[in-house]
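S.K.: how would this look folded up:
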Amino acid sequence: MALALLLAVVSLGCKAQPEPPEVFGPAPEFTLVDEAGAPFAAQSLAGKVTLLDFIYTRCTDACPLLSANFEAVQRKLADANLLGSKVMLVSLSVDPQHDTSAALADYAQQFKADRGGWKFLTGDWDQVFDVLSGLKIAVRPPRPAADTPPPGGTELTHSTRIVLIDPQLQVRAYLEGQDLSPDDLVAAAKRLVK
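M.R.: Below you'll find the model as predicted:
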């Protein structure tokens, strides 16, 4: 009886560690272009936890909210000395026709993005489509006509989810970007930091 009581007290005193998120599969390989016009490959994210969202610079509803959330996440990660060294933020444009590197650089500046820890990526339409479909994010095929006005024009239909990728480039979670606070996103990333 005393042994059972001792084991119960010890087990109550130990905090249960949350289970790591399941593995959904590998993130797709890609080489895109960042906001500085430099090539950026998926392999550049190896060894770091990545929070990846989907935006386009002409968006007036969800994208600015997601980017403002990432701006707050960036501050929290920088304060914890994790930004860039252990955790990366990546915003992938879903309007590659309009979101050139220069447009993304201007957008990044609006949100005070630290180029060492928060990348804004673009590519041609097919490259972006392949990344979205490789991440199992809903996309709308076929390619919309170039003269169709947004929404539904040159940008790909996308999700407001944030993809959590581990240091081995495995997709570990699809987080609801509009529903989670910066603290929630930082906590999710920290669970995978080694």
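S.K.: assign a three-state SS to the residue nearest to residue 123 when sequence neighbours are not counted, would you?
M.R.: Once its chain neighbours are removed from consideration, residue 123 has its nearest residue in residue 32; the separation is 4.1 Å (CB to CB, 6 or more residues apart in numbering). Where you see a C-beta, it was placed from the backbone N, CA and C, and this is true even at glycine. When classified by DSSP: H, G, I helix; E, B strand; the rest coil, residue 32 comes out as strand.
S.K.: in contact with residue 32, which residues?
M.R.: By CB atoms under 8 Å, 6 or more residues apart in numbering, residue 32 lies in contact with 39, 40, 41, 92, 121, 122, 123, 127, 128, 131.
S.K.: isn't the third one right up against residue 33?
M.R.: Meaning residue 41. No - the criterion here is CB atoms under 8 Å, and residue 41 misses it with residue 33 at 10.6 Å.
S.K.: the two: which has the busier surroundings?
M.R.: residue 33 (20 against 11; other CB atoms under 10 Å).
S.K.: now for the more buried one: which residues touch it?
M.R.: With CB under 8 Å, 6+ apart as the criterion, the residues that contact residue 33 are 39, 40, 101, 121, 122, 123.
S.K.: can you rerun that using 10 Å?
M.R.: By CB atoms under 10 Å, 6 or more residues apart in numbering, the residues touching residue 33 are 39-40, 93, 96, 100-101, 104, 120-124, 127.
S.K.: same deal with residue 135?
M.R.: The neighbours of residue 135, taking CB under 10 Å, 6+ apart as the test, are 24-25, 27-28, 30, 52, 54, 92, 159, 161, 163, 165, 171, 174.
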